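K.L.:
here's my sequence, what's the structure:
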Amino acid sequence: MTGTGAVREKRRRPRTCTGCGGEFPKRDLLRIVRRPDGEVVVDPSGRAPGRGAYICRKLACLELALKKKQLARSLRAPLPEKLISSLKILLEERGDPDPGGEDGLG
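P.N.:
All right, here's what the predicted structure looks like:
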């Protein structure tokens, strides 16, 4: 009787920042989602339906993702200017330390 009573552990895959390309746990990143209706919004819960992309909670990573146009490419949708400005304000206020450490990768 193999496998009886065994508890399956849920896989926890790291997510990739669209700015720096670093891999981090989902809880350390900010999720941006393109909803099924096409609207692009910030997803604080990390569970909203739609196509998602992740970014480090650093202004530098947001600016890099915007410069490379990687965030829009990942979402397969243009980013509204209102969203970009609100993200910049959110990340400036937050000022979180680098989730990847001091190596400058995330």
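K.L.:
now do the contacts for the most centrally placed residue in the chain.
P.N.:
Nearest to the geometric centre of the chain sits residue 54, at 1.5 Å (Cα atoms, centre = their mean). Residues near residue 54 by Cβ atoms under 8 Å, 6 or more residues apart in numbering: 15, 16, 17, 18, 26, 29, 30, 31, 32. All C-beta spots, glycine's among them, are computed from the backbone N, C-alpha and C.
K.L.:
and it, its phi and psi?
P.N.:
Dihedral angles of residue 54 (phi, psi; degrees, to the nearest 10) stand at phi -120, psi 150.
K.L.:
gap between it and residue 9?
P.N.:
Look at residue 54 and residue 9: by Cβ to Cβ, to the nearest Å, they are 22 Å apart.
K.L.:
try residue 31
P.N.:
Note on residue 31: its distance to residue 9, by Cβ to Cβ, is 23 Å.
K.L.:
quick one: which of the two has more around it?
P.N.:
Looking at residue 31 and residue 9 with other Cβ atoms under 10 Å, you find the greater number of neighbours at residue 31, namely 19 against 6.
K.L.:
phi and psi next, for the closest residue to residue 63 other than its chain neighbours.
P.N.:
Distances taken as Cβ to Cβ, 6 or more residues apart in numbering place residue 19 nearest to residue 63, at 7.5 Å, with adjacent residues excluded. Phi and psi for residue 19, reported as degrees, to the nearest 10, are phi -90, psi -70.
K.L.:
go on, residue 33?
P.N.:
phi -130, psi 140.
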